[in-house]
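Participant: Sequence first, predicted model second:
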Amino acid sequence: MTKQKPIVWLHGEVKTPPLSAEARVEVGYLLRMLQSNARLSLPHSRPMTSICARCHELRINDEDKTWRIIYRLDVDAVVILEVFEKKSQKTPKHVIDVCKKRLIHYESSVR
């Protein structure tokens with residue numbers, strides 16, 4: 001049995017509401033896969049190299065909303081940077097900027 005990586009939540013949470021119960025189950029399943037070292041790809045996840053090389057975006061389609069979870073895969077953890085409702089095709093610049101700042105703070109605190 002593969003050892004599960006812990007999830008480090010730097011920001012955000014996944015609860016009902018605002019996510020539907022079904023969306024929350026999907027998020028849990030996808031995060032469990034990441035904890036088990038699975039590599040996800042489209043349609044579930046896509047790279048977010050604008051933040052950093054190991055960052056990705058989980059894509060969750062809910063009843064009437066689209067959710068995104070920005071995460072980074074580290075050797076020893078899955079680091080959650082942001083959870084937000086996506087309202088346009090492009091990830092907002094302020095989301096990218098805040099994720100970069102959270103990573104800088106996280107890296108300085110774990111050294």
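Facilitator: Thanks, I have it.
Participant: can you give me the helices for this protein?
Facilitator: Assignment of helices within the chain using DSSP state H yields the ranges 21-35, 93-110.
Participant: among these, which is nearest residue 66?
Facilitator: Nearest to residue 66, of all these, is helix 21-35, at 9.9 Å by Cβ to Cβ. Where you see a C-beta, it was placed from the backbone N, CA and C, and this is true even at glycine.
Participant: and the closest one, which residues are buried?
Facilitator: Buried residues in helix 21-35, counting neighbours by 16 or more other Cβ atoms under 10 Å, are found at 23, 24, 26, 27, 30, 31, 34, 35.
Participant: next one: stretch 92-111
Facilitator: Along stretch 92-111, the positions that meet the burial threshold by neighbour count (16+ other Cβ under 10 Å) are 95, 96, 98, 99, 102, 103, 106.
Participant: Specify which member of the buried residues of helix 21-35 is nearest to residue 48.
Facilitator: Minimum separation from residue 48 among the buried residues of helix 21-35 (Cβ to Cβ) is found for residue 34, which lies at 14.0 Å.
Participant: What spatial separation is found between that closest one and residue 80?
Facilitator: Look at residue 34 and residue 80: by Cβ to Cβ, to the nearest Å, they are 10 Å apart.
Participant: Overlap in contacts, the two.
Facilitator: When contacts are counted by Cβ atoms under 8 Å, 6 or more residues apart in numbering, the set common to residue 34 and residue 80 consists of residue 71.
Participant: What distance do you get for residue 13 to residue 80?
Facilitator: Using Cβ to Cβ, one gets 9 Å for the distance from residue 13 to residue 80.
Participant: Between those two, tell me which one has more neighbours.
Facilitator: In this comparison of residue 13 against residue 80, neighbours counted by other Cβ atoms under 10 Å, the higher total goes to residue 80 at 22 against 9.
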